[in-house]
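**Student:** sequence plus predicted model, see below.
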Amino acid sequence: MNSHIQIRQMKSEDIDVVFQALKDHNIGKPLDYIKRCWEENYSGERVTLLALNDQKFAGWLHLISKSNYPYFEEQGIPKINNFDVVPSLRRLGIGNALMDAIEQIAFEKYGIVGIGVGLYYDYGNAQRLYAKRGFIPDGRGIINEGKQVEPGSHVLVGHDLALYLIKER
């Protein structure tokens, strides 16, 4: 890992810093969402890790203990969520450092972790990263808006169309 990269859990004083950094890099997330992430960290429902590169925000990643994806929820599989790395800092090992840290947390507590990935071009880098890291499909096929896509059906290719993957310790 790059010695200039630091990974740590989110603190309350990070809320405004994260909001502004994401906004500055056109990854904008609503301030209410970032506040909710902190509150869920405080309550234990979520773990949010921040990556700092030379002490500046470089990305973040979340682990949600109770997934909104029904299969993960039924099986007690935590879900990695909302993975953002500042575009100008990609390919420096920041994403892998965040994934290493969040996987370690998940494996220590659950022994398994899941993630959903979109199916169109914008998700290509994520698809490749997860495959290289050993994630495999959960065997339930393509999911659209939380439901399995049935053969012969038509779906809109968008953010809600995903393939869910798992990785065990």
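**Tutor:** Ah, there it is.

**Student:** please enumerate the helices of this protein.
**Tutor:** Using DSSP state H, the helices of the chain run over residues 15-24, 31-43, 70-75, 94-109, 124-132.

**Student:** need those in CSV with distance to Gln148, mean neighbour count and mean pLDDT, can you?
**Tutor:** Backbone N, C-alpha and C define where each C-beta goes, glycine included. Shown next, in CSV, are the helices of the chain (distance: least, CB to CB, whole Å; neighbours: other CB atoms under 10 Å; pLDDT from 0 to 100):
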stretch, distance to Gln148, mean neighbour count, mean pLDDT
helix 15-24, 32, 16, 94
helix 31-43, 27, 15, 94
helix 70-75, 9, 14, 95
helix 94-109, 24, 18, 96
helix 124-132, 19, 14, 93
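
**Student:** which one of those lies closest to Ala51?
**Tutor:** Among the helices of the chain, helix 94-109 comes nearest to Ala51, with 4.8 Å by CB to CB.

**Student:** what is that closest one packed up against?
**Tutor:** Helices and strands touching helix 94-109, by 3 or more CB pairs under 8 Å, 6 or more residues apart in numbering; DSSP states H and E, are strand 5-9, strand 46-53, strand 56-64, strand 79-85, strand 112-118, helix 124-132.
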